[in-house]
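J.: build me a model:
(chains A and B)
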Amino acid sequence: MITAFADPFHSLLNLQRALEARLASDWLQDLTTSRGPFPPINVFQQGDDILAIIELPGIDKNDLQIQAKENTIRISGKKAVNYPEGVSVHRQERISGEFDRTLSFPVQLDPDGIKAEYRDGVLALFLPRSASDKPRNVAIN
Amino acid sequence: MASKQELQVQQKRELEKKEETTIPARVFLPTADIYETQDALSVILEMPGVEKSKLDVRVEDGVLKVEGRLDFSKYEGLQPLYTEYNVGHYSRSFRLSGKIDQSKIGAEFKDGVLFLVLPKAEEAKARTVRVK
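T.: Just a heads-up that it's a prediction; the model follows:
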């Protein structure tokens, strides 16, 4: 079945297009301290909840701090790049240093339900919306 | 006065392909560090989001080629709200200037960073020549 082979590539392409299209979004525009500081972040909606995916390759988990307060998340830490002594460096593209970024979300979050996962150089933050913020069905009498 | 230097976001560079691929997905260049010691060449590549099993490293005709494929199934059912970077596969190749002992290439992958150690072949190592 051809579609079975074609489908995974389509979903990647669709994902890339969707990410591209969202570059113009003003969702966090006025809320974050500024757009574009390190680390770069993608925000997704997963059902009612929010999922933030942050690319942070080569970070020691102990060098990474995540703080949550009301509807803001602060991600701070240190990215270290070490070279052994006495080597001749041909190419140096990786960056190192300290970073500190605060994100404010336009929805109420449940600070106790926040989960963070760091795997393969990607930090995923599961940010559940607080129960009071979720839409509720109104019964009609 | 050591002021803290703020980290800037590195824009992902896209791979310039010589041929067109049949799959219209995007491929990015992993950021790389390369350094050389007396016995080996070390290549460090950043490929966030790639799993160890999806990595491919090979040396052919003096060209080191590294490929990392992204597992995008994790993104299924997610609706983007706000984005600052795009995702895709990674690929990069380097033409090696010296001879490499292919049987002893060491690779380690940790937190999205691939560490490669390419030991120089015996004949390529620098030798001191004593002048009489």
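
J.: just name the shakiest helix or strand of the chain by mean pLDDT.
T.: Reading this off chain A. Within chain A, no helix or strand scores below helix A:2-21, which has a mean of 67 by mean pLDDT, DSSP states H and E.

J.: nope, chain B please
T.: Using mean pLDDT, DSSP H and E, strand B:79-82 stands out as the lowest-scoring helix or strand of chain B, at a mean of 87.

J.: helices or strands next to that strand in the packing?
T.: Counting contacts by 3 or more CB pairs under 8 Å, 6 or more residues apart in numbering or on different chains; DSSP states H and E, strand B:79-82 packs against helix A:2-21, strand A:41-46. C-betas here are computed from N, CA, C, even on glycine.

J.: next structured bit after it?
T.: As assigned by DSSP states H and E, the chain's next helix or strand after strand B:79-82 is strand B:89-95.

J.: buried residues in that following strand?
T.: Using 16 or more other CB atoms under 10 Å in any protein chain shown as the test for burial, strand B:89-95 gives B:89-92, B:94.

J.: got a list of contacts for that strand?
T.: With contact meaning CB atoms under 8 Å, 6 or more residues apart in numbering or on different chains, strand B:89-95 is reached by B:15, B:25-30, B:32, B:34, B:43, B:45, B:47, B:50, B:62-70.

J.: related to what we said a few turns ago, is it possible to get TSV of the buried residues of strand B:89-95 that adds pLDDT?
T.: Shown next, in TSV, are the buried residues of strand B:89-95 (pLDDT from 0 to 100):
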residue	pLDDT
B:89	91
B:90	94
B:91	93
B:92	94
B:94	92
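
J.: relative to residue A:138, which of those is nearest.
T.: Comparing the buried residues of strand B:89-95 against residue A:138 with CB to CB places residue B:89 closest, at 46.4 Å.
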